[in-house]
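>>> Have a look at this fold, sequence not included:
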């Protein structure tokens with residue numbers, strides 16, 4: 001990709017956000033009912049390529065089950081309220097009523113409660129008892145401490161998710177997590193991220209991960225760009241990581257690592273464009289936080305919002321627009337791309353002439369220079 005001169009002493013690549021690109025319709029169209037949006041990672045098949053973000057505003061044990069029954073994959077945050085409190089319902093109600101000025105400080109206080117290891121097992125078992133694929137998330141910092149409780153409880157897919165995750169973390173204060181050794185020792189598939197560059201993704205793929213998260217998560221409630229100055233436009237990030245997947249496939253002799261776009265997608269069009277750029281699936285939060293079943297009560301926040309030293313997120317008001325079924329599968333009662341997310345994806349694929357997701361990754365896209 002061509003370098004752009006920022007100043008006499010600095011160059012940078014031109015990169016693109018999802019809203020700067022468009023999907024090109026083809027000469028051949030198809031019936032949306034004949035389109036498959038099924039996705040499979042390791043031994044687990046899902047009827048939709050949608051993963052619910054491990055955020056307390058989105059994923060309680062009950063909503064994880066509900067999302068699974070709608071054909072997606074819910075991921076429970078094992079560092080959230082559900083593993084810190086026996087009954088977090090009163091706290092969730094309080095968070096939804098907080099004044100914007102007081103929200104960050106109160107979130108820090110609420111999440112200062114210690115994680116209770118016995119609750120980790122109970123929450124995972126609650127999801128397993130529903131007969132669904134069980135996925136749960138830990139941060140890289142807490143994976144070594146709690147991973148045994150997670151595996152012993154019978155998790156199917158282990159998600160190691162942070163704002164930025166690398167395969168080679170250097171620290172003089174503590175022994176870093178050896179991702180390659182850790183993943184090798186586990187008997188369950190691991191999804192790890194976020195990352196946003198070709199090189200970082202390739203290193204994560206070499207650890208043995210089954211999937212790599214692209215992006216910094218957080219989406220609409222994320223303030224990493226303003227707090228740290230760290231940002232990579234999503235369309236370009238997905239394209240770079242998809243290139244790493246292709247090259248690793250050759251390097252490894254045929255091992256396919258799934259690319260999951262994480263964050264920055266609020267509409268059905270965003271989801272379609274993320275898949276068109278090369279993602280195998282998407283991880284979304286705010287679209288699902290608008291469901292009547294969502295534990296956030298019309299508000300949305302991630303783990304970055306309550307960081308004890310440097311919060312990099314906010315609690316945002318997203319409102320409530322309908323139940324999970326309507327948001328995922330319709331019928332839609334609005335025309336803004338917030339409902340019937342999967343039905344819209346089927347229609348996008350049908351309009352561009354593709355019948356499955358792997359084919360759809362080859363769809364032509366254009367850049368909209370005036371966005």
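Great, that's in hand. This structure is a prediction, so every number in the text was calculated from the model and none was measured.
>>> residue boundaries of the helices in the stretch 251-371 of the chain?
With DSSP state H, counting those that start in this stretch as the criterion, the stretch 251-371 of the chain has helices at 268-276, 286-289, 324-329, 341-351, 357-360.
>>> of all these, which gets the most neighbours per residue?
Of all these, helix 286-289 has the most neighbours on average by mean count of other CB atoms under 10 Å, namely a mean of 29. To be clear about C-beta, it is placed using only N, CA and C from the backbone, and glycine gets the same treatment.
>>> And for that helix, what's in contact with it?
52-53, 55, 57-58, 63, 67, 219-221, 265-267, 294, 296, 298-300, 316, 318, 324, 327, 338, 341 (CB atoms under 8 Å, 6 or more residues apart in numbering).
>>> repeat for stretch 87-105
Contact partners of stretch 87-105, identified using CB under 8 Å, 6+ apart, comprise 56, 81-82, 85, 106-107, 110, 295-299, 301, 305-306, 311, 314-315.
>>> Are any of the residues you listed buried, and if so which?
56, 81-82, 85, 106-107, 110, 295-296, 298-299, 301, 305-306, 311, 314-315 (16 or more other CB atoms under 10 Å).
>>> Now for residue 212: which residues touch it?
For residue 212, the contacting residues are 191-193, 195, 201, 204-205, 241, 245, 257-260, by CB under 8 Å, 6+ apart.
>>> Now for those residues, which sits with the most neighbours around it?
Top of the contacts of residue 212 by neighbour number is residue 241, holding 32 neighbours under the definition other CB atoms under 10 Å.
>>> so what does the one helix or strand that one maps to touch, helix or strand wise?
Assigned by DSSP states H and E, residue 241 belongs to helix 234-251. Using 3 or more CB pairs under 8 Å, 6 or more residues apart in numbering; DSSP states H and E, the elements in contact with helix 234-251 are helix 198-205, strand 211-214, strand 258-262, helix 268-276.
>>> Please name whichever of those is nearest to residue 150.
Residue 150 lies closest to strand 211-214 among the helices and strands packed on helix 234-251, at 16.6 Å (CB to CB).
>>> mind listing what's buried in that closest one?
For strand 211-214, by 16+ other CB under 10 Å, it's 211, 212, 213, 214.
>>> partners of that strand in the sheet?
strand 190-195 (parallel), strand 258-262 (parallel) (DSSP bridges).
>>> Doesn't residue 82 lie inside a helix?
Yes: under DSSP: H, G, I helix; E, B strand; the rest coil, residue 82 sits within a helix.
>>> Could I get the phi/psi values of the closest residue to it other than its chain neighbours?
Distances taken as CB to CB, 6 or more residues apart in numbering place residue 123 nearest to residue 82, at 5.3 Å, with adjacent residues excluded. Backbone torsions for residue 123, taken as degrees, to the nearest 10, come to phi -70, psi -40.
>>> Select, out of the helices of the stretch 251-371 of the chain, the one closest to residue 142.
Per CB to CB, nearest to residue 142 of the helices of the stretch 251-371 of the chain: helix 286-289, 23.6 Å.
>>> Relative to residue 302, how far out is residue 107?
Applying CB to CB, to the nearest Å, the value for residue 107 to residue 302 is 10 Å.
>>> Now flag whichever of the contacts of residue 212 is closest to residue 152.
Among the contacts of residue 212, and counting by CB to CB, the member closest to residue 152 is residue 191, at 19.3 Å.
>>> I figured the closest one hits residue 207, correct?
No: applying CB atoms under 8 Å as the test, residue 191 and residue 207 come out as separate, 11.5 Å apart.
>>> would you turn the helices of the stretch 251-371 of the chain into a markdown table with distance to residue 90?
Below are the helices of the stretch 251-371 of the chain laid out as a markdown table (distance: least, CB to CB, whole Å):
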| stretch | distance to residue 90 |
| --- | --- |
| helix 268-276 | 34 |
| helix 286-289 | 19 |
| helix 324-329 | 23 |
| helix 341-351 | 31 |
| helix 357-360 | 41 |
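>>> who wins for proximity to residue 139 among those?
helix 286-289 (20.3 Å).
>>> gap between stretch 191-200 and the chain center?
12 Å (CA atoms, centre = their mean, to the nearest Å).
>>> outside of it, which residues touch it?
Applying CB under 8 Å, 6+ apart, the contact partners of stretch 191-200 are 41, 135, 157-167, 179, 183, 201, 204, 207, 209-217, 232, 237, 240-241, 243-244, 258, 260, 262-263.
>>> which of those are buried?
Buried among these (16+ other CB under 10 Å): 41, 135, 157-167, 179, 183, 201, 204, 207, 209-217, 232, 237, 240-241, 244, 258, 260, 262-263.
>>> contacting residues for residue 249?
Neighbouring residues of residue 249 by CB under 8 Å, 6+ apart: 255, 256, 257.
>>> Please convert the residues you listed to JSON lines, extending it with pLDDT.
As requested, those are exported to JSON lines (pLDDT from 0 to 100):
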{"residue": "255", "pLDDT": "97"}
{"residue": "256", "pLDDT": "98"}
{"residue": "257", "pLDDT": "98"}
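>>> For residue 46, state which of those residues is nearest.
residue 256 (16.1 Å).
>>> right, and that closest one touches residue 245 too?
Yes: with contacts counted by CB under 8 Å, residue 256 reaches residue 245, the gap being 7.2 Å.
>>> Could you check how many residues crowd around the residue nearest to residue 82?
Look at residue 123: counted by other CB under 10 Å, it has 22 neighbours.
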